[in-house]
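show me the folded form of this:
(one chain, ligands or ions: 2)
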Amino acid sequence: MKRNTIYLPVLCIALFMILICVPVIAEGGGGGHGGGMGGGRNTDLSYILTGLLSLKFIIGGIAALSGIILLETTKIDRNIRTLLMCAIFVLFGVLVIMHQPSPLRAVVDLITALVTGSAITLKKMTTIIFISGLSVIGAKLFCGWVCPFGALQEIVKRIPVPSGKNNKLPFNISNGIRISIFVISLVMILTTGSDLYTYHNILNPFELFDWHFDLVLAVLVGTVLVASVFVYRPFCYLVCPVGLLTWLLEHISIFRVRLDRDKCNDCNNCIRISPCSSVKAIVDGDELRPDCFSCGVCIDACPTDALTFGIGKTSANRSRDRKSDD
Ligand code: SF4
Ligand code: SF4
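Ligands and ions are numbered 1, 2, ... in the order given. Below you'll find the model as predicted:
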């Protein structure tokens, strides 16, 4: 993986600016709050601000903030993490209607609005701003601490694998598939007005939380859950456009997992125990990291407290030493 990928933070900042500017530039014809934007800029912005102060976003914000506080102040072992994921699944997947609009549909509609100039509803725009804001504050805070489908995949991952192996998806392959699905959807939006993710909702598992049972969707969700036993968050790494968006924003997020090189004794415990492929990139000092869901497992696994959650990045010097030693 290339280390000096300066273009990525630049791309992310540009993306974030677009997301911030969309309430102003994506005026559509719908007018009303449930319809497209364009009921007046002040009205739109005040609707979005009011929306962000609604119960579900306040609870979502509290969950994400609690994540930051927990990660900064204590070690979260896998059992505690699983209990927290159960709570998040119940809160946002069962009790609070966090999925309306679903994060996946909100992101797809934003892309559609950006490429076709169509309108996007203020509810969806509020959801986008919530997801993006959290992702800039901390690495994938929405995905790691609010999303019910992400939580469900993590819960299922605790089922022991017969082989006992800690399988990890190679990031260049998983991200290649995720980007390919995105590009196919982009082409579909431009040519047919539809997209792959929400095409008959076959790639939108969030429909599940709406009790929309459909055979194809049931097969997809079943497949994802079976795959989740063997690999960490397969839907997030391979398919989800929200995962793609938050992975990009992760490159400019303020809070993240960081390494104190002076404390690291190269035991590789974190790499062995963690479910993701991101921790190796963090230890190696790679600029281009696979998605980190801020789960805290690597921090808990580190016997020397070299891994922490906080502001700032790992310096690149020792990574070169490590690589030249390999
Ligand atoms: S990548 Fe998608 S499914 Fe996974 S946690 Fe994020 S929003 Fe949820
Ligand atoms: S690097 Fe991996 S194990 Fe560590 S917090 Fe991120 S997702 Fe969890």
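
okay, the nearest residue to residue 290 once chain neighbours are set aside: pLDDT?
Sequence neighbours aside, residue 171 is the residue nearest to residue 290 in space, at 3.9 Å (criterion: CB to CB, 6 or more residues apart in numbering). Backbone N, C-alpha and C define where each C-beta goes, glycine included. Residue 171 is assigned a pLDDT of 95 by the prediction.

and residue 171, how far from ligand 2?
Applying CB to the nearest ligand atom, to the nearest Å, the value for residue 171 to ligand 2 is 12 Å.

residue 277 is in contact with that residue, correct?
Yes - if you go by CB atoms under 8 Å, residue 171 and residue 277 touch, sitting 5.1 Å apart.

mind pulling up the pLDDT for the residue of the stretch 1-150 of the chain found nearest ligand 1?
The stretch 1-150 of the chain approaches ligand 1 most closely through residue 150 (2.6 Å), counting by CB to the nearest ligand atom. With respect to pLDDT, residue 150 scores 96.

residues contacting it?
By CB atoms under 8 Å, 6 or more residues apart in numbering, the contact list for residue 150 reads 143-144, 233, 236, 293.

what's the closest non-adjacent residue to residue 241?
Closest to residue 241 by CB to CB, 6+ apart is residue 107, at 4.9 Å.

for the one you found, which three-state class applies?
Secondary structure for residue 107, judged by DSSP: H, G, I helix; E, B strand; the rest coil, is helix.

need the pLDDT of it.
93.

what's around it, how many residues?
By other CB atoms under 10 Å, 25 other residues sit near residue 107.

correct me, but it touches residue 243?
No - Residue 107 lies out of contact with residue 243 (CB under 8 Å); the separation is 9.6 Å.

what about residue 256, which helix or strand?
Assigned by DSSP states H and E, residue 256 belongs to strand 255-259.

next structured bit after that strand?
Under the assignment DSSP H and E, the closest C-terminal helix or strand after strand 255-259 is helix 269-273.

what sits against residue 204?
Counting by CB under 8 Å, 6+ apart, residue 204 makes contact with 102, 104-105, 197-198, 217.

ok, now with 6 Å
With contact set as CB atoms under 6 Å, 6 or more residues apart in numbering, residue 204 has these partners: 104, 197-198.

which one of those is nearest to ligand 2?
The nearest member of the contacts of residue 204 to ligand 2, counting by CB to the nearest ligand atom, is residue 104 at 20.4 Å.

tally up the residues packed near residue 55, please.
Residues contacting residue 55 under the criterion other CB under 10 Å number 9.

now it: how far from ligand 2?
Counting by CB to the nearest ligand atom, the gap from residue 55 to ligand 2 is 28 Å.

so how far is the strand holding residue 256 from its chain's centroid?
Taking CA atoms, centre = their mean, to the nearest Å, one finds the center of strand 255-259 at 16 Å from the center of the full chain.

from the contact counts, what lies against the longest helix along the chain?
For the chain, the longest helix by residue count, based on DSSP state H, is helix 171-192. Secondary-structure packing of helix 171-192 (3 or more CB pairs under 6 Å, 6 or more residues apart in numbering; DSSP states H and E): helix 234-238, helix 241-250.

hmm, that helix touching ligand 1?
No - legend: contact between helix 171-192 and ligand 1 by CB under 6 Å from any ligand atom is lacking; minimum distance shown is 9.2 Å.

and the next helix or strand past that helix?
Defined by DSSP H and E, the subsequent element after helix 171-192 is helix 215-230.

which positions in this structure make contact with ligand 2?
Neighbours of ligand 2 within the chain, by CB under 6 Å from any ligand atom: 257, 274, 276, 278-279, 282, 292-298.

I'd assumed residue 75 was in contact with residue 300.
Yes - the criterion here is CB atoms under 6 Å, and residue 300 meets it with residue 75 at 4.4 Å.

give me the more crowded residue out of those two.
residue 300 (20 against 15).

can you pull the contacts of that one?
Contacts for residue 300 (CB under 6 Å, 6+ apart) come out as 75-77.
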